[in-house]
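# Dropping the sequence and predicted coords here.
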Amino acid sequence: MALFGLAAEPISTPSVGHAVNRTGAVQLTLPDPTGPHPIGTTSLHLIDAARDEPWATDRPARELMVQLWYPAEPATGQPYASWVSPVQAKMVLTLNRAGTVRLPTTHAYPAAAVLPGSGPRPVVLYSHGDGMDRGSNTAVVEDLASHGYVVLTIDHTYDASTVEFPDGRVALRRSKSFTGTDERAVAVRLADTLFALDQLHALNRGHNIDAEQRSLPPGLRGAFDLSHVGMFGHSLGGATTAAAMHADPRVKAGINLDGGLHGPVTTAGLDQPYLLINAEGRERELWAGLWPRLRGWHLELHVAATAHMSFTDLQPLLRQTSGLLPAGLPEQIGTIDGPRSVLLQRTYVRAFFDLHLLGHASPLLTGPSPAWPEVGFTR
């Protein structure tokens with residue numbers, strides 16, 4: 001994921017707060033998670049041998065990179081996982097248009113042992129926006145994990161900006177070179193999502209689903225409560241979420257972060273709980289047609305001072321670059337304060353999944369809250 005023209009120096013050790021370091025580079029940071037649990041993460045290479053690669057004729061089967069985020073045993077003193085892959089970091093570095101930054105780390109320990117106790121944990125899937133990647137909403141993803149959820153983030157190969165495989169191969173975005181892209185992309189993404197969910201079932205039974213059979217973190221077997229699966233996504237990932245809910249009842253609840261709608265769900269509607277969170281001024285007429293077809297719990301919110309890219313990590317990170325913002329970016333990330341935006345999204349996303357996966361009700365979802373005056377109830 002490129003920082004829209006910002007150069008970068010990748011790092012892989014914990015960071016404390018954003019600052020200008022001795023070289024003059026701006027150190028970017030993601031907000032600390034708010035939950036009580038340390039976080040572990042691991043990436044997995046999946047191959048769907050039953051499916052042709054729809055975007056590239058030179059590959060024999062569909063391949064995905066996915067990443068698990070989960071409550072973990074403490075690994076104090078160990079380095080945190082990088083926010084992006086090494087190849088992605090180098091690509092950001094070569095852009096070098098608006099100064100130099102040092103990329104953030106996550107707050108997760110690579111391959112840390114799964115936190116024991118409390119039984120299997122609910123699972124949330126994440127689908128990125130068009131041209132983004134699986135790390136594009138890490139701030140919300142790792143916060144969910146810190147509160148006890150297992151989250152699987154999915155790179156939709158050739159639809160993502162960059163996907164790096166364990167053997168060093170790099171898949172760059174190709175989907176935009178095809179006609180009918182959005183409809184076709186959602187169909188491909190839907191198949192990716194359901195395949196990844198199938199693989200989670202196998203992993204939960206103790207199978208190593210990684211194509212290279214790399215070592216897995218201890219404790220993954222039986223760690224997932226796959227009877228309580230939710231999903232959320234940004235932009236085209238929000239449309240993918242709705243498509244997955246329509247296609248597979250295993251996905252019990254979903255959130256669309258400022259996305260559209262594509263495929264059969266537009267006319268068939270949904271039975272599961274569905275939350276739409278829009279940027280300011282992006283309340284869409286297409287939702288008016290869908291609303292009568294939403295037969296389960298449903299709610300549409302809008303957030304003041306936000307824009308389409310406010311619902312990604314770029315919103316808080318680019319706010320830290322001060323005068324280095326490239327032209328046009330304020331219109332993409334809005335004027336809302338970065339940490340405030342992240343906390344708002346974390347709060348409402350978790351309230352939704354707490355309600356519909358765990359049965360814990362929250363007044364935030366029943367009406368406007370004085371604590372969050374930016375959030376408006378559309379319908």
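Nice, I can see it.
# what about the strands in the stretch 1-150 of the chain?
In the stretch 1-150 of the chain, strands defined by DSSP state E, counting those that start in this stretch lie at 7-9, 26-27, 39-48, 62-71, 100-102, 108-110, 121-127, 150-155, listed in chain order.
# Which of those strands sits closest to A304?
Closest of the strands of the stretch 1-150 of the chain to A304 is strand 121-127, at 24.6 Å (criterion: C-beta to C-beta). From N, CA and C alone the C-beta is placed, and that goes for glycine too.
# Alpha carbons of that closest one, in PDB - could you do that?
The C-alpha trace of strand 121-127 is given here as PDB (Å, rounded to 0.1, in the frame of the first residue of the first chain):
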ATOM      1  CA  ARG A 121     -13.100 -17.100  19.900                       C
ATOM      2  CA  PRO A 122     -15.400 -15.400  17.400                       C
ATOM      3  CA  VAL A 123     -14.000 -14.800  14.000                       C
ATOM      4  CA  VAL A 124     -14.200 -11.600  11.800                       C
ATOM      5  CA  LEU A 125     -13.100 -11.500   8.100                       C
ATOM      6  CA  TYR A 126     -11.800  -8.300   6.500                       C
ATOM      7  CA  SER A 127     -11.900  -7.400   2.800                       C
END
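# Pull up the pairing partners for it, direction included.
Applying DSSP bridges, strand 121-127 is found paired with strand 150-155 (parallel), strand 224-234 (parallel).
# pLDDT of it, averaged?
Confidence over strand 121-127, taken as the mean pLDDT, stands at 98.
# just stretch 64-75 next, same as before
The pLDDT scores in stretch 64-75 average 97.
# Show me which residues of that stretch are buried.
The neighbour-count check on stretch 64-75 (16 or more other C-beta atoms under 10 Å) flags 64-73, 75 as buried.
# Same question for stretch 164-176.
Neighbour-count burial for stretch 164-176, counted by 16+ other C-beta under 10 Å, picks out 164-165, 171, 173, 175.
# which residues are contacting it?
With C-beta atoms under 8 Å, 6 or more residues apart in numbering as the test, stretch 164-176 has contacts from 45, 55-56, 63, 65, 85-88, 130-131, 157-163, 181, 184-185, 188, 211-212, 214.
# hang on, the earlier thing: sort out which one of the buried residues of stretch 64-75 lies nearest F311 for me.
For these, the nearest to F311 is W69 (17.8 Å; C-beta to C-beta).
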